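A.B. asks: quick one, fold the following:
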Amino acid sequence: MRDILLAVRDTAAAKGVKFADARGVTTERTYISRQDGRADRMSKQQSQGIGVRVLKGGSWGFAVTNVVTRDSALGCLDEAISAASLTTPKVDVELAKAPAIEAVARSEYEKDPREISSQVKMDVLRAHESEALRVAGSKAANTIVTLSDSVTRTLVCNTDGTVVDHEQVRVNIACRLVAAEGGVRQSAYEIKARVAGWEAIEAVEPDELSVLAATKALRLLSARKAPAGVFPVVLHPTVVGVFIHEAFGHNAEADLVLAGESILEGKLQSLVASPLVNVVDDATLPKLWGSYDYDSEGLPAARRQIIKDGVLVGFMHNLESAGRMGVEPNGSGRADGYAARPIVRMSNTIMEAGETPVEEMIAGIDHGILMEDGRWGYVFCQKGQYTLNAGGGRMIRNGELAEPVRDVCMVGMVLETLHNVDAVSREFELAWGGGTCGKNGQGMPVSGGGPFVRVADMVVGGQDS
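C.D. replies: Residues are numbered from 1 along each chain as shown. Okay, here's the model as predicted:
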(Lines give C-alpha, C1' and ligand atoms only; values in the text may rest on other atoms or scores of the structure.)
Protein backbone atom coordinates (compact mmCIF):
# COMPACT_ATOMS: atom_id res chain seq x y z
CA MET A 1 0.00 0.00 0.00
CA ARG A 2 2.90 2.36 0.68
CA ASP A 3 3.84 2.61 -3.01
CA ILE A 4 0.23 3.40 -3.92
CA LEU A 5 0.02 6.23 -1.39
CA LEU A 6 3.35 7.67 -2.52
CA ALA A 7 2.09 7.65 -6.10
CA VAL A 8 -1.00 9.61 -5.01
CA ARG A 9 1.15 12.10 -3.13
CA ASP A 10 3.55 12.64 -6.03
CA THR A 11 0.74 12.98 -8.56
CA ALA A 12 -1.05 15.49 -6.34
CA ALA A 13 2.11 17.58 -6.07
CA ALA A 14 2.53 17.47 -9.85
CA LYS A 15 -1.03 18.73 -10.29
CA GLY A 16 -0.19 21.80 -8.21
CA VAL A 17 -2.60 21.35 -5.30
CA LYS A 18 -1.85 23.34 -2.16
CA PHE A 19 -1.84 20.25 0.06
CA ALA A 20 -2.84 16.61 -0.21
CA ASP A 21 -2.64 13.54 1.95
CA ALA A 22 -3.41 9.89 1.28
CA ARG A 23 -4.30 7.63 4.18
CA GLY A 24 -4.49 3.86 3.92
CA VAL A 25 -6.09 1.91 6.78
CA THR A 26 -6.24 -1.86 7.31
CA THR A 27 -8.18 -3.25 10.29
CA GLU A 28 -8.71 -6.75 11.67
CA ARG A 29 -11.27 -7.01 14.46
CA THR A 30 -12.75 -9.81 16.59
CA TYR A 31 -15.81 -9.57 18.84
CA ILE A 32 -17.18 -12.32 21.11
CA SER A 33 -19.98 -12.19 23.68
CA ARG A 34 -21.86 -14.40 26.11
CA GLN A 35 -25.27 -13.64 27.58
CA ASP A 36 -27.14 -15.41 30.36
CA GLY A 37 -24.93 -18.47 30.37
CA ARG A 38 -24.68 -19.11 26.64
CA ALA A 39 -22.58 -18.04 23.68
CA ASP A 40 -24.25 -15.04 22.08
CA ARG A 41 -22.19 -13.53 19.25
CA MET A 42 -18.91 -14.17 17.50
CA SER A 43 -17.61 -12.13 14.58
CA LYS A 44 -14.38 -11.49 12.74
CA GLN A 45 -14.08 -8.53 10.40
CA GLN A 46 -11.43 -7.26 8.06
CA SER A 47 -11.46 -3.99 6.16
CA GLN A 48 -9.08 -1.88 4.17
CA GLY A 49 -9.28 1.23 2.07
CA ILE A 50 -7.76 4.55 1.14
CA GLY A 51 -8.92 8.10 1.79
CA VAL A 52 -7.51 10.99 -0.25
CA ARG A 53 -7.82 14.58 0.93
CA VAL A 54 -6.95 17.61 -1.17
CA LEU A 55 -6.75 21.33 -0.36
CA LYS A 56 -7.21 23.43 -3.49
CA GLY A 57 -8.41 27.00 -3.87
CA GLY A 58 -9.05 27.31 -0.14
CA SER A 59 -11.44 24.31 -0.12
CA TRP A 60 -11.18 20.67 0.85
CA GLY A 61 -12.01 17.75 -1.38
CA PHE A 62 -12.20 14.19 -0.07
CA ALA A 63 -12.76 10.82 -1.74
CA VAL A 64 -12.40 7.21 -0.62
CA THR A 65 -12.13 3.72 -2.07
CA ASN A 66 -12.03 0.19 -0.67
CA VAL A 67 -10.27 -1.06 -3.81
CA VAL A 68 -6.60 -0.84 -2.91
CA THR A 69 -4.97 -0.41 -6.31
CA ARG A 70 -2.93 2.36 -7.87
CA ASP A 71 -5.61 3.17 -10.46
CA SER A 72 -8.39 3.32 -7.87
CA ALA A 73 -6.35 5.54 -5.55
CA LEU A 74 -5.42 7.92 -8.38
CA GLY A 75 -9.09 8.02 -9.32
CA CYS A 76 -9.83 9.12 -5.76
CA LEU A 77 -7.30 11.90 -6.14
CA ASP A 78 -9.07 13.18 -9.26
CA GLU A 79 -12.44 13.02 -7.47
CA ALA A 80 -11.06 14.91 -4.47
CA ILE A 81 -9.58 17.63 -6.71
CA SER A 82 -12.89 17.94 -8.54
CA ALA A 83 -14.81 18.19 -5.26
CA ALA A 84 -12.49 20.92 -3.98
CA SER A 85 -12.84 22.85 -7.24
CA LEU A 86 -16.64 22.79 -7.03
CA THR A 87 -16.75 24.07 -3.45
CA THR A 88 -16.93 27.73 -2.51
CA PRO A 89 -15.22 28.05 0.87
CA LYS A 90 -16.85 29.94 3.72
CA VAL A 91 -13.35 30.51 5.08
CA ASP A 92 -10.15 30.02 3.10
CA VAL A 93 -8.36 27.10 4.73
CA GLU A 94 -4.80 27.78 5.81
CA LEU A 95 -2.90 24.88 7.33
CA ALA A 96 -0.32 25.16 10.07
CA LYS A 97 3.25 24.45 9.05
CA ALA A 98 4.41 21.06 10.24
CA PRO A 99 7.77 19.36 9.70
CA ALA A 100 8.01 16.37 7.37
CA ILE A 101 7.99 13.21 9.47
CA GLU A 102 9.16 9.77 8.41
CA ALA A 103 8.39 7.17 11.06
CA VAL A 104 7.31 3.62 11.74
CA ALA A 105 5.50 2.96 15.04
CA ARG A 106 4.20 -0.31 16.44
CA SER A 107 2.25 -1.10 19.61
CA GLU A 108 4.24 -2.95 22.23
CA TYR A 109 2.66 -6.29 23.08
CA GLU A 110 3.65 -9.81 24.11
CA LYS A 111 0.85 -11.91 22.60
CA ASP A 112 -0.88 -11.16 19.31
CA PRO A 113 -4.66 -11.48 19.95
CA ARG A 114 -5.11 -12.74 16.37
CA GLU A 115 -3.19 -15.86 17.34
CA ILE A 116 -5.54 -16.72 20.23
CA SER A 117 -8.29 -19.15 19.28
CA SER A 118 -11.97 -18.26 19.54
CA GLN A 119 -12.41 -21.16 21.95
CA VAL A 120 -9.81 -19.77 24.34
CA LYS A 121 -11.48 -16.36 24.19
CA MET A 122 -14.90 -17.88 24.86
CA ASP A 123 -13.48 -19.83 27.81
CA VAL A 124 -12.19 -16.59 29.33
CA LEU A 125 -15.66 -15.04 29.06
CA ARG A 126 -17.27 -18.16 30.53
CA ALA A 127 -14.97 -17.99 33.57
CA HIS A 128 -15.77 -14.33 34.20
CA GLU A 129 -19.51 -14.86 33.79
CA SER A 130 -19.49 -17.85 36.13
CA GLU A 131 -17.88 -15.80 38.88
CA ALA A 132 -20.40 -12.99 38.45
CA LEU A 133 -23.31 -15.45 38.67
CA ARG A 134 -21.78 -17.08 41.74
CA VAL A 135 -21.76 -13.72 43.53
CA ALA A 136 -25.17 -12.51 42.34
CA GLY A 137 -26.95 -15.85 42.77
CA SER A 138 -30.72 -15.77 42.32
CA LYS A 139 -30.70 -11.96 42.07
CA ALA A 140 -28.96 -12.06 38.67
CA ALA A 141 -31.52 -11.05 36.05
CA ASN A 142 -29.17 -10.61 33.11
CA THR A 143 -25.46 -10.99 32.41
CA ILE A 144 -23.50 -9.93 29.35
CA VAL A 145 -19.75 -10.42 29.01
CA THR A 146 -17.89 -9.26 25.92
CA LEU A 147 -14.39 -9.39 24.53
CA SER A 148 -12.98 -7.58 21.53
CA ASP A 149 -9.58 -7.06 19.98
CA SER A 150 -8.35 -5.17 16.97
CA VAL A 151 -5.20 -4.52 14.99
CA THR A 152 -5.22 -1.34 12.91
CA ARG A 153 -2.44 -0.25 10.59
CA THR A 154 -2.52 3.30 9.22
CA LEU A 155 -0.20 4.74 6.59
CA VAL A 156 -0.21 8.51 6.01
CA CYS A 157 1.62 10.28 3.18
CA ASN A 158 1.31 13.99 2.42
CA THR A 159 2.75 16.57 0.06
CA ASP A 160 4.77 18.15 2.88
CA GLY A 161 6.92 15.01 2.92
CA THR A 162 5.40 13.09 5.83
CA VAL A 163 5.34 9.30 5.56
CA VAL A 164 4.10 7.60 8.74
CA ASP A 165 3.34 3.89 9.21
CA HIS A 166 1.47 3.37 12.49
CA GLU A 167 0.04 0.11 13.88
CA GLN A 168 -2.02 -0.26 17.06
CA VAL A 169 -3.20 -3.36 18.89
CA ARG A 170 -6.18 -2.96 21.23
CA VAL A 171 -7.98 -5.37 23.55
CA ASN A 172 -10.90 -5.00 25.95
CA ILE A 173 -13.11 -7.17 28.11
CA ALA A 174 -16.34 -6.05 29.78
CA CYS A 175 -19.15 -7.30 32.00
CA ARG A 176 -22.63 -5.90 32.61
CA LEU A 177 -24.82 -7.46 35.29
CA VAL A 178 -28.44 -6.61 36.03
CA ALA A 179 -29.65 -7.55 39.50
CA ALA A 180 -33.32 -7.65 40.51
CA GLU A 181 -35.16 -7.98 43.80
CA GLY A 182 -38.64 -6.98 44.91
CA GLY A 183 -39.45 -5.05 41.76
CA VAL A 184 -36.16 -3.12 41.82
CA ARG A 185 -33.65 -3.61 39.01
CA GLN A 186 -30.13 -2.19 39.08
CA SER A 187 -27.18 -2.68 36.77
CA ALA A 188 -23.44 -2.24 36.96
CA TYR A 189 -20.83 -2.27 34.22
CA GLU A 190 -17.09 -2.80 34.33
CA ILE A 191 -14.59 -2.74 31.47
CA LYS A 192 -10.84 -3.18 31.21
CA ALA A 193 -9.19 -1.94 28.03
CA ARG A 194 -5.60 -1.46 26.89
CA VAL A 195 -3.50 -0.57 23.92
CA ALA A 196 -1.79 -3.93 24.36
CA GLY A 197 -1.92 -7.59 23.39
CA TRP A 198 -3.69 -10.66 24.74
CA GLU A 199 -1.50 -10.58 27.86
CA ALA A 200 -3.62 -7.66 29.10
CA ILE A 201 -6.75 -9.84 29.00
CA GLU A 202 -4.97 -12.67 30.82
CA ALA A 203 -4.04 -10.23 33.59
CA VAL A 204 -7.67 -9.28 34.36
CA GLU A 205 -9.01 -11.15 37.39
CA PRO A 206 -12.76 -11.66 37.99
CA ASP A 207 -12.50 -9.66 41.22
CA GLU A 208 -11.68 -6.52 39.20
CA LEU A 209 -14.24 -7.10 36.46
CA SER A 210 -17.21 -9.47 36.66
CA VAL A 211 -17.25 -9.94 40.43
CA LEU A 212 -16.93 -6.18 40.86
CA ALA A 213 -19.88 -5.59 38.51
CA ALA A 214 -22.00 -8.10 40.42
CA THR A 215 -21.04 -6.61 43.78
CA LYS A 216 -21.91 -3.08 42.66
CA ALA A 217 -25.28 -4.15 41.23
CA LEU A 218 -26.21 -5.95 44.45
CA ARG A 219 -25.21 -2.96 46.56
CA LEU A 220 -27.42 -0.67 44.46
CA LEU A 221 -30.45 -2.90 45.11
CA SER A 222 -30.43 -1.94 48.78
CA ALA A 223 -29.39 1.68 48.25
CA ARG A 224 -31.99 4.41 48.53
CA LYS A 225 -32.59 6.91 45.77
CA ALA A 226 -30.44 9.99 45.93
CA PRO A 227 -32.07 13.11 47.37
CA ALA A 228 -32.64 16.14 45.17
CA GLY A 229 -31.28 19.55 46.01
CA VAL A 230 -28.15 21.64 46.21
CA PHE A 231 -25.29 19.93 48.06
CA PRO A 232 -21.55 20.05 48.41
CA VAL A 233 -20.34 17.00 46.50
CA VAL A 234 -17.17 14.98 46.24
CA LEU A 235 -16.65 13.49 42.80
CA HIS A 236 -14.88 10.14 42.49
CA PRO A 237 -12.12 10.01 39.82
CA THR A 238 -14.44 8.06 37.49
CA VAL A 239 -17.00 10.87 37.73
CA VAL A 240 -14.30 13.51 37.26
CA GLY A 241 -13.15 11.69 34.13
CA VAL A 242 -16.64 11.75 32.62
CA PHE A 243 -17.16 15.39 33.60
CA ILE A 244 -13.86 16.62 32.18
CA HIS A 245 -14.41 14.73 28.93
CA GLU A 246 -18.07 15.41 28.30
CA ALA A 247 -18.71 18.76 29.94
CA PHE A 248 -15.38 20.49 29.36
CA GLY A 249 -13.31 18.56 26.81
CA HIS A 250 -15.53 19.05 23.78
CA ASN A 251 -15.54 22.78 24.44
CA ALA A 252 -11.73 22.72 24.18
CA GLU A 253 -11.72 21.20 20.68
CA ALA A 254 -10.50 24.04 18.47
CA ASP A 255 -12.79 23.32 15.53
CA LEU A 256 -15.82 23.89 17.76
CA VAL A 257 -14.26 27.08 19.10
CA LEU A 258 -13.72 28.37 15.56
CA ALA A 259 -17.29 27.46 14.61
CA GLY A 260 -18.66 29.55 17.48
CA GLU A 261 -20.00 26.42 19.18
CA SER A 262 -17.91 26.53 22.37
CA ILE A 263 -18.27 28.47 25.60
CA LEU A 264 -14.48 28.90 25.54
CA GLU A 265 -14.50 31.16 22.48
CA GLY A 266 -12.62 34.37 23.29
CA LYS A 267 -11.49 33.11 26.72
CA LEU A 268 -7.90 32.06 25.97
CA GLN A 269 -5.58 33.21 28.79
CA SER A 270 -8.63 33.95 30.97
CA LEU A 271 -9.54 32.40 34.31
CA VAL A 272 -12.17 29.75 33.50
CA ALA A 273 -11.92 27.62 36.65
CA SER A 274 -10.75 27.55 40.23
CA PRO A 275 -6.96 28.01 40.50
CA LEU A 276 -6.93 24.43 41.86
CA VAL A 277 -7.95 23.07 38.45
CA ASN A 278 -5.39 21.79 35.93
CA VAL A 279 -6.52 19.87 32.84
CA VAL A 280 -4.50 18.08 30.16
CA ASP A 281 -5.30 15.95 27.15
CA ASP A 282 -2.47 13.42 26.89
CA ALA A 283 -2.23 10.95 24.02
CA THR A 284 1.21 9.71 25.12
CA LEU A 285 0.27 7.76 28.26
CA PRO A 286 1.48 4.17 27.80
CA LYS A 287 -1.23 1.61 27.01
CA LEU A 288 -4.15 3.88 27.99
CA TRP A 289 -7.18 3.41 25.72
CA GLY A 290 -7.12 6.88 24.18
CA SER A 291 -3.38 6.85 23.46
CA TYR A 292 -1.64 6.67 20.09
CA ASP A 293 1.79 7.36 18.61
CA TYR A 294 0.69 9.44 15.60
CA ASP A 295 -2.60 11.04 14.70
CA SER A 296 -4.45 10.61 11.41
CA GLU A 297 -2.55 13.53 9.86
CA GLY A 298 0.81 11.93 10.63
CA LEU A 299 1.66 14.22 13.55
CA PRO A 300 3.17 12.80 16.75
CA ALA A 301 0.97 12.38 19.80
CA ALA A 302 1.41 15.04 22.47
CA ARG A 303 0.54 16.11 25.98
CA ARG A 304 -1.68 19.18 25.61
CA GLN A 305 -2.16 21.53 28.56
CA ILE A 306 -5.68 22.97 28.42
CA ILE A 307 -6.09 24.60 31.86
CA LYS A 308 -3.17 25.68 34.05
CA ASP A 309 -3.98 26.93 37.57
CA GLY A 310 -7.51 27.76 36.44
CA VAL A 311 -6.40 29.67 33.33
CA LEU A 312 -7.33 28.47 29.83
CA VAL A 313 -3.97 28.12 28.07
CA GLY A 314 -4.67 26.08 24.95
CA PHE A 315 -6.93 23.95 22.77
CA MET A 316 -6.70 20.65 20.94
CA HIS A 317 -5.77 21.21 17.29
CA ASN A 318 -5.45 19.57 13.91
CA LEU A 319 -3.55 21.15 11.00
CA GLU A 320 -6.48 23.30 9.92
CA SER A 321 -7.54 24.70 13.29
CA ALA A 322 -3.92 25.40 14.24
CA GLY A 323 -3.41 27.25 10.97
CA ARG A 324 -6.49 29.38 11.46
CA MET A 325 -5.49 30.27 15.03
CA GLY A 326 -1.83 30.82 14.21
CA VAL A 327 -0.46 28.20 16.60
CA GLU A 328 1.41 24.94 16.24
CA PRO A 329 -0.64 21.76 15.68
CA ASN A 330 -0.58 19.28 18.56
CA GLY A 331 -1.53 15.94 17.04
CA SER A 332 -5.27 15.96 17.75
CA GLY A 333 -6.47 15.21 14.21
CA ARG A 334 -8.13 11.79 14.35
CA ALA A 335 -10.28 9.91 11.85
CA ASP A 336 -12.49 6.87 12.36
CA GLY A 337 -11.11 4.76 9.53
CA TYR A 338 -10.12 5.50 5.96
CA ALA A 339 -13.59 6.74 4.98
CA ALA A 340 -13.62 9.59 7.51
CA ARG A 341 -11.84 12.94 7.51
CA PRO A 342 -9.49 13.81 10.38
CA ILE A 343 -11.19 16.17 12.82
CA VAL A 344 -10.16 17.54 16.20
CA ARG A 345 -10.63 14.87 18.88
CA MET A 346 -9.75 14.20 22.49
CA SER A 347 -7.53 11.30 23.60
CA ASN A 348 -7.03 10.86 27.38
CA THR A 349 -8.54 13.94 29.03
CA ILE A 350 -7.47 14.28 32.64
CA MET A 351 -7.71 16.62 35.60
CA GLU A 352 -4.37 16.62 37.39
CA ALA A 353 -3.94 15.79 41.08
CA GLY A 354 -3.95 18.37 43.85
CA GLU A 355 -2.69 18.33 47.43
CA THR A 356 -5.68 17.66 49.71
CA PRO A 357 -6.16 14.16 51.20
CA VAL A 358 -9.57 12.79 50.24
CA GLU A 359 -10.38 12.09 53.90
CA GLU A 360 -9.91 15.79 54.64
CA MET A 361 -12.21 16.73 51.76
CA ILE A 362 -14.98 14.51 53.13
CA ALA A 363 -14.40 15.64 56.72
CA GLY A 364 -15.14 19.22 55.67
CA ILE A 365 -18.74 18.42 54.64
CA ASP A 366 -21.65 18.35 57.12
CA HIS A 367 -24.28 17.14 54.66
CA GLY A 368 -23.38 16.18 51.10
CA ILE A 369 -22.87 13.38 48.61
CA LEU A 370 -19.94 11.35 47.30
CA MET A 371 -20.69 10.55 43.65
CA GLU A 372 -19.11 7.31 42.42
CA ASP A 373 -19.06 5.17 39.29
CA GLY A 374 -19.29 7.82 36.57
CA ARG A 375 -21.34 6.50 33.65
CA TRP A 376 -22.30 9.03 31.02
CA GLY A 377 -22.85 12.68 30.41
CA TYR A 378 -24.04 15.15 27.83
CA VAL A 379 -23.18 18.77 27.14
CA PHE A 380 -24.75 21.56 25.11
CA CYS A 381 -21.44 23.15 24.10
CA GLN A 382 -22.82 26.51 23.00
CA LYS A 383 -24.83 26.92 26.21
CA GLY A 384 -22.28 25.36 28.55
CA GLN A 385 -25.02 23.30 30.18
CA TYR A 386 -24.39 19.66 31.08
CA THR A 387 -25.92 16.59 32.67
CA LEU A 388 -23.87 13.82 34.25
CA ASN A 389 -25.05 10.47 35.60
CA ALA A 390 -23.31 8.25 38.13
CA GLY A 391 -24.12 4.68 39.06
CA GLY A 392 -24.23 5.38 42.76
CA GLY A 393 -22.61 7.06 45.71
CA ARG A 394 -22.64 7.63 49.44
CA MET A 395 -24.24 10.26 51.60
CA ILE A 396 -21.82 12.33 53.66
CA ARG A 397 -23.02 13.22 57.16
CA ASN A 398 -21.01 15.11 59.76
CA GLY A 399 -17.80 14.61 57.83
CA GLU A 400 -18.16 10.85 57.43
CA LEU A 401 -19.37 8.50 54.70
CA ALA A 402 -22.88 7.22 55.44
CA GLU A 403 -25.49 5.12 53.60
CA PRO A 404 -25.23 4.25 49.89
CA VAL A 405 -27.47 5.99 47.33
CA ARG A 406 -28.35 5.27 43.71
CA ASP A 407 -29.73 7.10 40.66
CA VAL A 408 -27.40 10.06 41.19
CA CYS A 409 -27.43 12.83 38.60
CA MET A 410 -25.78 16.24 38.62
CA VAL A 411 -26.65 19.14 36.35
CA GLY A 412 -25.11 22.55 35.95
CA MET A 413 -23.17 25.06 33.93
CA VAL A 414 -19.65 23.94 33.03
CA LEU A 415 -17.68 27.04 33.99
CA GLU A 416 -19.72 27.63 37.14
CA THR A 417 -18.93 24.09 38.30
CA LEU A 418 -15.22 24.52 37.55
CA HIS A 419 -15.13 27.81 39.49
CA ASN A 420 -16.86 26.13 42.46
CA VAL A 421 -14.12 23.51 42.89
CA ASP A 422 -12.71 24.09 46.37
CA ALA A 423 -10.53 21.00 46.88
CA VAL A 424 -8.60 18.58 44.65
CA SER A 425 -7.16 15.40 46.12
CA ARG A 426 -3.62 14.10 45.92
CA GLU A 427 -5.11 10.66 45.29
CA PHE A 428 -5.36 10.05 41.55
CA GLU A 429 -6.72 7.32 39.27
CA LEU A 430 -6.48 6.75 35.54
CA ALA A 431 -9.48 5.14 33.88
CA TRP A 432 -8.41 1.77 32.50
CA GLY A 433 -11.79 1.28 30.88
CA GLY A 434 -12.45 1.79 27.21
CA GLY A 435 -14.77 4.53 26.05
CA THR A 436 -15.85 5.54 22.56
CA CYS A 437 -16.49 9.22 21.95
CA GLY A 438 -18.87 10.24 19.19
CA LYS A 439 -18.53 13.39 17.10
CA ASN A 440 -19.75 14.13 13.58
CA GLY A 441 -20.67 10.48 13.13
CA GLN A 442 -17.20 9.25 14.06
CA GLY A 443 -16.39 7.10 17.09
CA MET A 444 -12.90 7.29 18.62
CA PRO A 445 -11.28 5.49 21.57
CA VAL A 446 -10.88 7.81 24.54
CA SER A 447 -10.13 7.61 28.23
CA GLY A 448 -9.41 9.87 31.16
CA GLY A 449 -9.19 10.03 34.90
CA GLY A 450 -8.36 12.37 37.69
CA PRO A 451 -8.35 12.95 41.45
CA PHE A 452 -11.26 13.25 43.86
CA VAL A 453 -12.75 16.73 43.44
CA ARG A 454 -14.95 18.67 45.86
CA VAL A 455 -17.49 21.13 44.45
CA ALA A 456 -18.93 23.61 46.94
CA ASP A 457 -22.50 23.76 45.61
CA MET A 458 -23.91 21.30 43.11
CA VAL A 459 -27.44 20.66 41.86
CA VAL A 460 -28.10 16.96 42.35
CA GLY A 461 -31.13 15.24 40.84
CA GLY A 462 -32.96 12.32 42.43
CA GLN A 463 -35.64 11.75 45.02
CA ASP A 464 -35.95 10.31 48.49
CA SER A 465 -37.21 6.75 48.77
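A.B. asks: helix/strand/coil for Asp373?
C.D. replies: Put simply, Asp373 is strand when judged by DSSP: H, G, I helix; E, B strand; the rest coil.
A.B. asks: that one: what's it in contact with?
C.D. replies: Asp373 is in contact with Ala188, Lys216, His236, Thr238, Val239, Ala390, Gly391, Gly392, Gly393, counting by C-beta atoms under 8 Å, 6 or more residues apart in numbering. Quick note: C-beta positions are derived from backbone N, CA and C, even for glycine.
A.B. asks: just those: which are in helices?
C.D. replies: Among these, DSSP state H puts Lys216, Thr238, Val239 in helices.
A.B. asks: tell me how many other residues crowd Trp376.
C.D. replies: 11 (other C-beta atoms under 10 Å).
A.B. asks: so where's the chain shaky on pLDDT?
C.D. replies: 462-465 (pLDDT under 70).
A.B. asks: residues of stretch 168-184 that come out buried?
C.D. replies: Using 16 or more other C-beta atoms under 10 Å as the test for burial, stretch 168-184 gives 168-180.
A.B. asks: just stretch 131-148 next, same as before
C.D. replies: 131-133, 135-136, 139-141, 143-148.
A.B. asks: which residues sit against stretch 347-358?
C.D. replies: Contacts of stretch 347-358 (C-beta under 8 Å, 6+ apart): 234, 240-241, 244-245, 248-249, 276-283, 285, 288-292, 301, 332, 334, 423-428, 430, 446-454.
A.B. asks: ends of it, how far apart?
C.D. replies: From its first residue to its last, stretch 347-358 covers 27 Å (C-alpha to C-alpha, to the nearest Å).
A.B. asks: how far does that stretch sit from the chain's center?
C.D. replies: 17 Å (C-alpha atoms, centre = their mean, to the nearest Å).
A.B. asks: residues contacting Gly443?
C.D. replies: Contacts of Gly443 (C-beta under 8 Å, 6+ apart): Asp336, Thr436, Cys437.
A.B. asks: just want the phi and psi numbers for Glu208.
C.D. replies: Dihedral pair for Glu208: phi -100, psi 10, per degrees, to the nearest 10.
A.B. asks: my read: it touches Lys192, true?
C.D. replies: Yes - using C-beta atoms under 8 Å, Glu208 is in contact with Lys192, at 7.1 Å.
A.B. asks: and the top helix by length along the chain, what other elements does it pack with?
C.D. replies: Using DSSP H to define each element, the chain has its longest helix at helix 118-136. Judged by 3 or more C-beta pairs under 8 Å, 6 or more residues apart in numbering; DSSP states H and E, the packing partners of helix 118-136 are strand 19-35, strand 38-56, strand 140-158, strand 163-181, helix 210-222.
A.B. asks: Throw these into CSV and include distance to Arg114, thanks.
C.D. replies: As requested, the helices and strands packed on helix 118-136 are exported to CSV (distance: least, C-beta to C-beta, whole Å):
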stretch, distance to Arg114
strand 19-35, 6
strand 38-56, 9
strand 140-158, 6
strand 163-181, 9
helix 210-222, 25
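A.B. asks: helices of this protein, start to end?
C.D. replies: 2-14, 70-85, 118-136, 198-202, 210-222, 237-242, 254-258, 319-325, 358-363, 414-419.
A.B. asks: between the first one and strand 38-56, how big is the angle?
C.D. replies: Note on geometry: by axes from the mean of the first three to the mean of the last three C-alpha atoms, to 10 degrees, helix 2-14 and strand 38-56 are set 30 degrees apart in direction.
A.B. asks: the third one now?
C.D. replies: For helix 118-136 and strand 38-56, the angle between their directions (the same axes, to 10 degrees) works out to 120 degrees.
A.B. asks: what's in contact with helix 118-136?
C.D. replies: Residues contacting helix 118-136 (C-beta under 8 Å, 6+ apart): 30, 32-34, 37, 39, 42, 140, 143, 145-147, 173, 175, 177, 179, 201, 206, 209-211, 213-215, 217-218.
A.B. asks: Pro300: neighbouring residues, count only.
C.D. replies: Neighbour tally, Pro300, other C-beta under 10 Å: 18.
A.B. asks: list the contacts of it.
C.D. replies: Counted by C-beta under 8 Å, 6+ apart, Pro300 has contacts Ile101, Ala103, Asp293, Tyr294, Gly331.
A.B. asks: now, the most widely separated pair of those residues?
C.D. replies: Ala103 and Gly331 (12.3 Å; C-beta to C-beta).
A.B. asks: more neighbours, those two?
C.D. replies: Taking neighbours as other C-beta under 10 Å, Ala103 and Gly331 compare with Gly331 leading, 27 against 14.
A.B. asks: now that one: how far from Ala302?
C.D. replies: 5 Å (C-beta to C-beta, to the nearest Å).
A.B. asks: what do you get for Val68?
C.D. replies: Distance from Val68 to Ala302, by C-beta to C-beta: 30 Å.
A.B. asks: of these two, which one has the most company?
C.D. replies: Using other C-beta under 10 Å, the more surrounded residue of Val68 and Ala302 is Ala302, with 20 against 16.
A.B. asks: hang on, that one packs against Leu285?
C.D. replies: No - when contacts are counted by C-beta under 8 Å, Ala302 is not listed as touching Leu285 (11.4 Å).
A.B. asks: Lys225: which of the contacts of Pro300 is nearest?
C.D. replies: Distances from Lys225 to these, taken by C-beta to C-beta, are shortest for Gly331, at 43.9 Å.
A.B. asks: returning to that earlier point: please identify which of the helices of the chain is closest to Pro342.
C.D. replies: So among these, helix 319-325 is nearest, using C-beta to C-beta, at 8.1 Å.
A.B. asks: which residues does the closest one contact?
C.D. replies: Against helix 319-325 from outside (C-beta under 8 Å, 6+ apart): 91, 93-96, 98, 254-255, 257-258, 297, 299, 315, 317, 328-330, 333, 344.
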